[in-house]
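Q: Below is the sequence, then the predicted model.
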Amino acid sequence: MIQKIAEIIVFYLEQHNAVRPEDRDICVYGCDIALYTFLSTAGLLVIGAGFSRLFETVILIAIFYLNQTMGGGYHASTHIQCFLTMAIGVLVYIATFSLFISVWVYTLLGVGALVALFTVPLVLHKNKQYLLVREAKLKLRSRWVLATETAAFGLILLLDNNLLVHACAISLVLSAISRCVGAWLQKH
């Protein structure tokens, strides 16, 4: 359905000379991804708001999307599978807020996740294999982002805000799980 909407939008843009006919396929693909990202993000935010965890869900989305964009990770084969995987992840994330665990455990989980992400800095999607020629630069960029996240996590620890520590740590853990599962699936 999203692809059909993307095709209609691109057809409209073609009719108004905003898209060249030879660029149609790439524009439909880009429009499809943009629409899916918008709708799925809105869906995740609705889930977070429905459980009165909108702020925490925004943190998860920001951290997860940043890590997925800069270093890759698990990719489902369809939009539906992707959304269901992310929705389950958000529900698990929200469920962790009902646990009463020491801030030190969340700190260790966050640090462990950062180490895992640093160890596996890049997992390229099968459609982005053409980027292998830039692999070293992409790994370096991913590690710079992780260094920034590490510094930010350190600052959050200094703020002594258990909710933020919890939200960031579990967001990093879910990012690391995605990256490690993506790497494992690539090898097998």
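A: The structure has been received and is ready for your questions.

Q: Quick one: mean pLDDT over the host helix or strand of Cys168.
A: Taking DSSP states H and E as the definition, Cys168 sits inside helix 162-187. Per-residue pLDDT over helix 162-187 has a mean of 97.

Q: and it, what does it pack onto?
A: Helix 162-187 is packed against helix 54-71, helix 79-96, helix 103-119, helix 135-159, with contacts defined by 3 or more CB pairs under 8 Å, 6 or more residues apart in numbering; DSSP states H and E. C-beta: built from backbone N, CA, C; applies to glycine.

Q: got the buried residues for the longest one?
A: Which is helix 135-159. Within helix 135-159, the residues scored as buried using 16 or more other CB atoms under 10 Å are 138, 142-143, 145-146, 149-150, 153, 156-157.

Q: Over to the shortest one?
A: For helix 103-119, a neighbour-count test (16+ other CB under 10 Å) marks 106-107, 109-111, 113-114, 116-118 as buried.

Q: How far does the helix or strand where Thr37 lies sit from its chain's centre?
A: Remark: Thr37 resides in helix 24-50, with elements defined by DSSP H and E. Here helix 24-50 is found 13 Å from its chain centre; the criterion is CA atoms, centre = their mean, to the nearest Å.

Q: And stretch 72-83, by the same measure?
A: Offset of stretch 72-83 from its chain centre (CA atoms, centre = their mean): 10 Å.

Q: which residues are in contact with that stretch?
A: By CB atoms under 8 Å, 6 or more residues apart in numbering, the residues outside stretch 72-83 that reach it are 2, 36, 40, 43, 67, 84-85, 122-126, 128, 175, 177-179, 181-182, 185.

Q: CA atoms only: put it into PDB for me.
A: Taking C-alpha atoms only, stretch 72-83 is exported to PDB below (Å, rounded to 0.1, in the frame of the first residue of the first chain):
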ATOM      1  CA  GLY A  72      23.400  -0.700  10.300                       C
ATOM      2  CA  GLY A  73      22.000  -3.800  11.900                       C
ATOM      3  CA  TYR A  74      19.100  -6.200  11.400                       C
ATOM      4  CA  HIS A  75      16.800  -5.400   8.500                       C
ATOM      5  CA  ALA A  76      13.500  -7.200   8.100                       C
ATOM      6  CA  SER A  77      12.500  -8.200   4.600                       C
ATOM      7  CA  THR A  78       9.200  -6.400   4.500                       C
ATOM      8  CA  HIS A  79       7.700  -3.200   5.900                       C
ATOM      9  CA  ILE A  80       5.200  -5.200   8.000                       C
ATOM     10  CA  GLN A  81       7.900  -7.400   9.400                       C
ATOM     11  CA  CYS A  82      10.100  -4.400  10.200                       C
ATOM     12  CA  PHE A  83       7.300  -2.500  12.000                       C
END
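
Q: mind listing what's buried in that stretch?
A: By 16+ other CB under 10 Å, the buried positions in stretch 72-83 come out as 72-75, 79, 82-83.
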